[in-house]
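Trainee: what follows is a predicted structure for the sequence shown.
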2 protein chains.
Amino acid sequence: MRERPKIKDIAERAGVSVATVSRALSDSPLVTAETRQRILDLARELNYRPNVSARSLRTRKSMSVLLVVRDVGNPFYLDILKGVEATAREAGYSVLMGNTESDPAREIEYFNMLRDGHADGMILMTGKLPPAGGNWTGTLNRLAVVVALEIIEGAGLPHVQVDNFGAAREAVEHLISIGHRRIAHISGPLPELMSLHRREGYREAMRNAGLDVPEAYEVRGDFLLESGQECCRKLFTLPEPPTALFVANDEMAYGAAYELRRMGRDVPGDVSVVGFDDLYLSKAFYPPLTTVSQPRAEIGHAAMELLLKILSGAEIDCDEPIVLPTVLHIRGSTAPPQE
Amino acid sequence: MRERPKIKDIAERAGVSVATVSRALSDSPLVTAETRQRILDLARELNYRPNVSARSLRTRKSMSVLLVVRDVGNPFYLDILKGVEATAREAGYSVLMGNTESDPAREIEYFNMLRDGHADGMILMTGKLPPAGGNWTGTLNRLAVVVALEIIEGAGLPHVQVDNFGAAREAVEHLISIGHRRIAHISGPLPELMSLHRREGYREAMRNAGLDVPEAYEVRGDFLLESGQECCRKLFTLPEPPTALFVANDEMAYGAAYELRRMGRDVPGDVSVVGFDDLYLSKAFYPPLTTVSQPRAEIGHAAMELLLKILSGAEIDCDEPIVLPTVLHIRGSTAPPQE
DNA sequence: GTGAAAGCGCTAACAG
DNA sequence: CTGTTAGCGCTTTCAC
């Protein structure tokens, strides 16, 4: 058989109709065990594989989902992707990668891919809806979209997230508990909700401990290494620099630690540093970073499960986000302040 | 318009046939500029998007490619993925993620996805062909497959790679040039070609310098952090431990550096370490790792370009791999040996 | 330049 | 239980 066999080829050889073959192949109970077996054997023999386009066209299902992130190059997404991929594959779905790089045109494009049957559903990790350019607006509620990691308010979409506020508070409480009082915060880009929540957690912990937060102790970064360095430099030109840093993500925390070293300050001897994310290989950094670990694989898994539920037609309560637990890993970058 | 508009809807409103609409939409010259414009306007107004399944079924093209890796969780692939994605999107292709985790069943599965029309081509980064279980064998030459990063011998497939041998040699030559003579090597898993080539580069550099390589100076790892630690431990129980390490990838290099620190040896004061890959954030490590940087985005880009060429029907010379240049980044983890 | 019509390969009524 | 048949939405001959 030179050409790819189709259902018709099997039907002819088996001496049955295409309908029967289709049924046998999809495990319909409407086929005798014997016929089914004959067909199955034949299919294997011919090395038959159903044509996905034909099937999709007919069933109106693509059996693939779209995973959309801001930057595929960011290692943070890796384990999430892994979790999504594993769960998707188990359910027979393929995963299409989407990368917006915050380009509105691309954001729209990926939504369009849902409409044109490229994918059945989408896991959105960009933290925002595309501008209302394409008039997919209004169709939104009909599309199967799960927001993971980030939060999009007011769209009525289901969410899978972590308690950024609580996790940040816990991280800062750790610093307080080992004796720090002058604790500064390098935040993520504002007014993104994730950054906001982490900053609120920081403020709450400080407030609860009766500690002061001078305005200059809150510096705004953008989650990238360089901004961690820069923010750190700013903080240590202050007349009364902090003894500890709560940084909104690991990448900036590395930047800060790197900068501290350059300035001749020891971590954690002179300054303690706490990050957020628990990046791949973060335990290999020196000193190993104390950080909030997010259950990334589980986030991916949960988001995909939720999406599958939606795709199966179940009603989802979008008002109650799924919140996954974080863990504060206390490692070598934090220590009590010097006398 | 509640339902998704199809070509027929446009045709009716425009008072033309579906054929004309199809032609106008695909920029065929067989349509008057005026009709075309009317149709285009209408399409935009209705927010029309062609159904991909129908189109794929008809054209026998899925306009997507499969990117298959051993482990999506490995950050090494990130920039490659990014390069592939960007190039693919520009050409109108989507990228499907494939993750084998070295499971033969999955390896076969992804090849099957080519046959069933799920994807038009594949970029394979697993370094091996699936076991000849599915009888896709023989069909191989008909499938559009590009091998990137790794090497698969004898399959007649086009390759995009780096000169692992030369890059490794250069790295070791650097160590030699700053005065090291007792240089050990932590290799990747054998007999994988990539590991083999890097080891050969190491040997060649040593040989050229007239340096001895005691058998115990070559330890075999598996590219993971822990194995870097382990191998390092072995090396430093030798009666005459090395003063420098050439490690086959960054992840193990971090493991080794971590272990050296634990053993109270300073990097680079007591021991110099050179890695391979130049991982994301590697400059933030302490000390910043001297390492061979691979042009990952370019590898992704080149592989996708090559695949596009194949998909466009061009004949490819599979005997001449595309070899991309590496750069040795000399950073803080290497220094002349102590007196 | 445009239209009619024939499928691409599959599934799902509907009949038997 | 099995077969016949009508599409899914699109592209592409082949006529006109």
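Mentor: That came through fine. Numbering: from 1, shown residues only, chains lettered A, B, ... in the order given.
Trainee: ok, now which ones touch the nearest residue to residue A:209 once chain neighbours are set aside?
Mentor: Once flanking residues are discounted, residue A:209 sits nearest to residue A:176: 4.8 Å by CB to CB, 6 or more residues apart in numbering or on different chains. In short, each C-beta sits where N, CA and C put it, glycine included. Listed by CB atoms under 8 Å, 6 or more residues apart in numbering or on different chains, the contact set of residue A:176 reads A:183, A:205-206, A:209, A:211.
Trainee: isn't there a helix covering residue A:176?
Mentor: Yes - under DSSP: H, G, I helix; E, B strand; the rest coil, residue A:176 falls within a helix.
Trainee: backbone dihedrals for residue A:246, please?
Mentor: phi -110, psi 110 (degrees, to the nearest 10).
Trainee: show me what it is bridged to.
Mentor: residue A:185, residue A:274 (DSSP bridges).
Trainee: residues in contact with it?
Mentor: The contact partners of residue A:246, taken as CB under 8 Å, 6+ apart, are A:168, A:171-172, A:175, A:183-186, A:202, A:274.
Trainee: now list the buried members of those residues.
Mentor: By neighbour count, with 16 or more other CB atoms under 10 Å in any protein chain shown, these hold A:168, A:171-172, A:175, A:183-186, A:202, A:274 as buried.
Trainee: okay, those in a markdown table with distance to residue A:109 next?
Mentor: Shown next, in a markdown table, are these (distance: CB to CB, whole Å):
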| residue | distance to residue A:109 |
| --- | --- |
| A:168 | 34 |
| A:171 | 37 |
| A:172 | 40 |
| A:175 | 43 |
| A:183 | 43 |
| A:184 | 40 |
| A:185 | 36 |
| A:186 | 33 |
| A:202 | 37 |
| A:274 | 38 |
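Trainee: quick one: the residues you listed as JSON lines, columns for pLDDT too.
Mentor: Formatted as JSON lines, the buried ones among the contacts of residue A:246 follow (pLDDT from 0 to 100):
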{"residue": "A:168", "pLDDT": "98"}
{"residue": "A:171", "pLDDT": "98"}
{"residue": "A:172", "pLDDT": "98"}
{"residue": "A:175", "pLDDT": "98"}
{"residue": "A:183", "pLDDT": "98"}
{"residue": "A:184", "pLDDT": "98"}
{"residue": "A:185", "pLDDT": "98"}
{"residue": "A:186", "pLDDT": "98"}
{"residue": "A:202", "pLDDT": "98"}
{"residue": "A:274", "pLDDT": "98"}
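Trainee: can you map out the helices along chain A?
Mentor: A:7-14, A:18-25, A:33-46, A:52-59, A:78-90, A:104-115, A:164-177, A:193-208, A:225-235, A:250-262, A:296-311 (DSSP state H).
Trainee: who wins for proximity to residue B:92 among the ones you listed?
Mentor: Between residue B:92 and the helices of chain A, the shortest separation by CB to CB is 11.0 Å, and it involves helix A:104-115.
Trainee: tell me the buried residues in that closest one?
Mentor: For helix A:104-115, by 16+ other CB under 10 Å, it's A:106-111, A:113-115.
Trainee: that helix near chain B anywhere?
Mentor: Yes - counting by CB under 8 Å from any CB of the partner chain, chain B is contacted by helix A:104-115 at A:112-113, A:115.
Trainee: which one of the residues you listed is nearest residue B:332?
Mentor: Proximity of the residues of helix A:104-115 next to chain B to residue B:332 (CB to CB) peaks at residue A:113, which lies at 44.9 Å.
Trainee: show me where chain A dips below the pLDDT cut-off.
Mentor: A:1-3, A:132-141, A:339 (pLDDT under 70).
Trainee: check contacts around the residue of the stretch 151-300 of chain A found nearest DNA strand D.
Mentor: Closest residue of the stretch 151-300 of chain A to DNA strand D, CB to the nearest atom of the strand: residue A:157 (25.5 Å). By CB under 8 Å, 6+ apart, residue A:157 lies in contact with A:124, A:140, A:145-147, A:318.
Trainee: related to what we said a few turns ago, got the helices of chain A as a markdown table, with distance to DNA strand C columns?
Mentor: As requested, the helices of chain A are exported to a markdown table (distance: least, CB to the nearest atom of the strand, whole Å):
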| stretch | distance to DNA strand C |
| --- | --- |
| helix A:7-14 | 3 |
| helix A:18-25 | 3 |
| helix A:33-46 | 10 |
| helix A:52-59 | 3 |
| helix A:78-90 | 19 |
| helix A:104-115 | 20 |
| helix A:164-177 | 42 |
| helix A:193-208 | 41 |
| helix A:225-235 | 49 |
| helix A:250-262 | 46 |
| helix A:296-311 | 15 |
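Trainee: right, and the ones you listed - which one's nearest residue A:66?
Mentor: Closest approach to residue A:66 among the helices of chain A (CB to CB): helix A:104-115, 6.0 Å.
Trainee: elements contacting that closest one?
Mentor: Applying 3 or more CB pairs under 8 Å, 6 or more residues apart in numbering or on different chains; DSSP states H and E, one finds that helix A:104-115 contacts strand A:64-69, strand A:94-99, strand A:121-124.
Trainee: how does it look with 10 Å?
Mentor: When contacts are defined as 3 or more CB pairs under 10 Å, 6 or more residues apart in numbering or on different chains; DSSP states H and E, helix A:104-115 packs onto strand A:64-69, strand A:94-99, strand A:121-124, strand A:144-148.
Trainee: which stretch among the ones you listed comes nearest chain B?
Mentor: When the helices and strands packed on helix A:104-115 are compared by CB to the nearest CB, strand A:94-99 sits nearest chain B, at 4.9 Å.
Trainee: circling back: closest to DNA strand D among the buried residues of helix A:104-115?
Mentor: Distances from DNA strand D to the buried residues of helix A:104-115, taken by CB to the nearest atom of the strand, are shortest for residue A:115, at 10.7 Å.
Trainee: state the distance from the residue of the stretch 151-300 of chain A closest to DNA strand D to residue A:302.
Mentor: 15 Å (CB to CB, to the nearest Å).
Trainee: and stretch A:62-74, how far from the chain's centre?
Mentor: 10 Å (CA atoms, centre = their mean, to the nearest Å).
Trainee: touching chain B at all, it?
Mentor: Yes - using CB under 10 Å from any CB of the partner chain, stretch A:62-74 reaches chain B at A:62-64, A:66-67, A:71-74.
Trainee: tell me the domain ranges of chain A?
Mentor: According to automatic domain parsing, chain A comprises the domains A:7-49, A:62-162+A:296-324, A:164-294.
Trainee: okay, those in JSON lines with distance to residue B:190 next?
Mentor: Below are the domains of chain A laid out as JSON lines (distance: least, CB to CB, whole Å):
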{"stretch": "domain A:7-49", "distance to residue B:190": "34"}
{"stretch": "domain A:62-162+A:296-324", "distance to residue B:190": "26"}
{"stretch": "domain A:164-294", "distance to residue B:190": "23"}
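Trainee: which among those is found nearest to residue B:289?
Mentor: Once the domains of chain A are compared by CB to CB, domain A:164-294 is nearest, at 10.6 Å.
Trainee: can you give me how far the closest one is from the chain middle?
Mentor: Distance, stretch centre to chain centre, for domain A:164-294: 22 Å (CA atoms, centre = their mean).
Trainee: end to end on that domain, go ahead and measure it.
Mentor: 10 Å (CA to CA, to the nearest Å).
Trainee: spatially nearest residue to residue A:107 (excluding sequence neighbours)?
Mentor: Nearest residue to residue A:107 in three dimensions, chain neighbours excluded: residue A:130, at 3.5 Å (CB to CB, 6+ apart).
Trainee: could you list every residue that touches that neighbour?
Mentor: If a contact means CB atoms under 10 Å, 6 or more residues apart in numbering or on different chains, then residue A:130 has A:68, A:100, A:103-112, A:124, A:136-137 as its contacts.
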